[in-house]
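turn this into a structure:
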Amino acid sequence: MRVFRTEMRLIQISSALSILVIVAAVFLFEAYGHETKSADNGSPASKTEEKEEDPSPHIVCLGDSYTYGYPDRTPEADSSWPHHMEEILGVKVANEGKLRQTSADLLERFDSDVVGKNKAKPAMVIIFAGMGDALGETPASAYTFEKNVVGLVEKAQDHDIKPVLIMPFFISEADILPFITEYRDWLRGYAETNDIKLIDFQEMLCDGENGIKKQYSPTGKYPNTEGYLEMGKYMAEQLKNDV
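A predicted model of the protein is given here:
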């Protein structure tokens, strides 16, 4: 009888230990199992990474002050035409316009600003060169301008990026008129010969050779906020079938 009671006691102890082991196992799973799952693929950060969209732009706008949006663009209010074009077309656009840039400067930073900054290459690069070339202390010769533009187009094509060219337009600086005229004449022939899309702001923005229209510029040299808005609308209209 005593042996029987001892055996019963051992069985009871064994059962209790088994229950304790099960409870401990459940506790450990609750404490560490969910943490591991979250770390692997269930955490908010992980879900954000999975759903994060590629920030690479569909279009890169490479240019000078006239692409940047000078003088009215501010960190709080982007008045540039690339910004307005982006809003209208509904595609991501990167504004790589910088102040005081020539076609040589654009060529130098093409690899870094058009290709190097982005996870994926853009589908299109809009190249707006010529204004800075003509406005420099020593305006670029037609030969220099042409060589640089050809280099920019070839870089784009080497990366399978569609190049689009913008014509420089006439502003109120009469002394640069001959240079702008030369650049424009060459661009027409080059774009036509090589089947490159060419966009010209001249008619919608300018008053002939007298510079930018008064409602779009108080000085005739740089567009105002309204001028850049109209440029953005014009660009979107010209590119609506290309994006």
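
separation between the most centrally placed residue in the chain and Leu62?
Nearest residue to the geometric centre of the chain (CA atoms, centre = their mean): Ala94, 2.1 Å. From Ala94 across to Leu62, the span is 9 Å (CB to CB, to the nearest Å). Where you see a C-beta, it was placed from the backbone N, CA and C, and this is true even at glycine.

output the below-cut-off pLDDT ranges for this structure.
Filtered on pLDDT under 70, the chain yields the residue ranges 1-54.

outline the domain layout of it.
Using automatic domain parsing, the domain parsing of the chain gives 2-51, 59-239.

run the chain-centre distance for the last one.
Pointing back at domain 59-239 there. 15 Å (CA atoms, centre = their mean, to the nearest Å).

excluding its backbone neighbours, what's nearest Leu165?
Leaving aside its sequence neighbours, Leu165 sits nearest to Leu198 (CB to CB, 6 or more residues apart in numbering; 5.0 Å).

so the one you found: helix, strand or coil?
Using DSSP: H, G, I helix; E, B strand; the rest coil, the structure places Leu198 in strand.

might you report the residue contacts of it?
Each residue near Leu198 by CB atoms under 8 Å, 6 or more residues apart in numbering is listed here: 164-167, 187-188, 191-192.

quick one: which of the residues you listed sit in helices?
187-188, 191-192 (DSSP state H).

by neighbours, which of these wins?
Leu187 (22 neighbours; other CB atoms under 10 Å).

so who does that residue touch?
130, 149, 165, 167, 198.

burial count for the second one?
By the measure other CB under 10 Å, the count of residues near Val149 is 25.

that one against Asp133, yeah?
No - in this structure, Val149 is not within contact of Asp133 by CB atoms under 8 Å, at 9.6 Å.

which neighbours do these two have in common?
In contact with both Val149 and Asp133: Ser103, using CB under 8 Å, 6+ apart.

just the helices in this structure please.
All helices of the chain, identified by DSSP H, fall at 2-28, 34-37, 44-51, 65-68, 81-89, 103-110, 131-135, 142-158, 177-193, 202-205, 225-239.

number of nearby residues for Glu108?
Neighbourhood size, Glu108 [other CB under 10 Å]: 14.

show me what contacts it?
So Glu108 contacts nothing (CB under 8 Å, 6+ apart).

repeat for Gln238
Neighbour list for Gln238: 197, 199 [criterion: CB under 8 Å, 6+ apart].

Ile176 too?
So Ile176 contacts 134-135, 139 (CB under 8 Å, 6+ apart).

same question for Leu239.
59, 85, 89, 124, 164.

kindly recompute the last result at 7 Å.
By CB atoms under 7 Å, 6 or more residues apart in numbering, the residues touching Leu239 are Leu89.

that concludes my questions; thank you for your assistance.
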